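Participant: coordinates for the following, if possible.
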Amino acid sequence: MNGETPQTPTKQGDKNLIAILSYFGILFLIPMLAAKDSPFAQFHAKQGLVLFIAEIATTLITWIPILGWIAGPILYIIWFVLAIIGIVNVLGGKQNPLPVIGKFASKFKF
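Facilitator: Take a look at the predicted model:
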């Protein structure tokens, strides 16, 4: 209406958007497998993998009576906050490691 042509997303923009999926549980597999040529998406897929492993470990911890019942919900909140931080990093085009668990992501090679 204002004389501007609609913008189509670029390939790099698509890779950035696909990197957001890294922070939704097992969906980290999508950027890991679909965006192999994007170091940005691969970085976030590795971060998502570490976060997913932490979530699985937390699920196992919640099976422990009393200790797990207390620690589990706290850890789930921490993982949720870290996922939000990761999504914000993707939207900002940053490759900052997640606090606490981000250093483990560099150990993965895929």
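
Participant: who touches the longest helix along the chain?
Facilitator: As assigned by DSSP state H, the longest helix anywhere in the chain is helix 67-91. The contact list for helix 67-91 (CB atoms under 8 Å, 6 or more residues apart in numbering) reads 16, 19-20, 22-24, 44, 47-48, 51, 54-55, 58-59, 61-62, 95-96, 98-101. No exception for glycine: its C-beta is placed from N, CA and C like everyone else's.

Participant: for this structure, what are the low-confidence residue spans?
Facilitator: Residue ranges of the chain with pLDDT under 70: 1-15.

Participant: now do the helices in it.
Facilitator: Ranges of helices in the chain, per DSSP H, are 11-20, 29-34, 39-61, 67-91, 102-105.

Participant: now the shortest one: buried residues?
Facilitator: To tie it back to what came earlier, the one meant is helix 102-105. Within helix 102-105, the residues that count as buried by 16 or more other CB atoms under 10 Å are 102, 104, 105.
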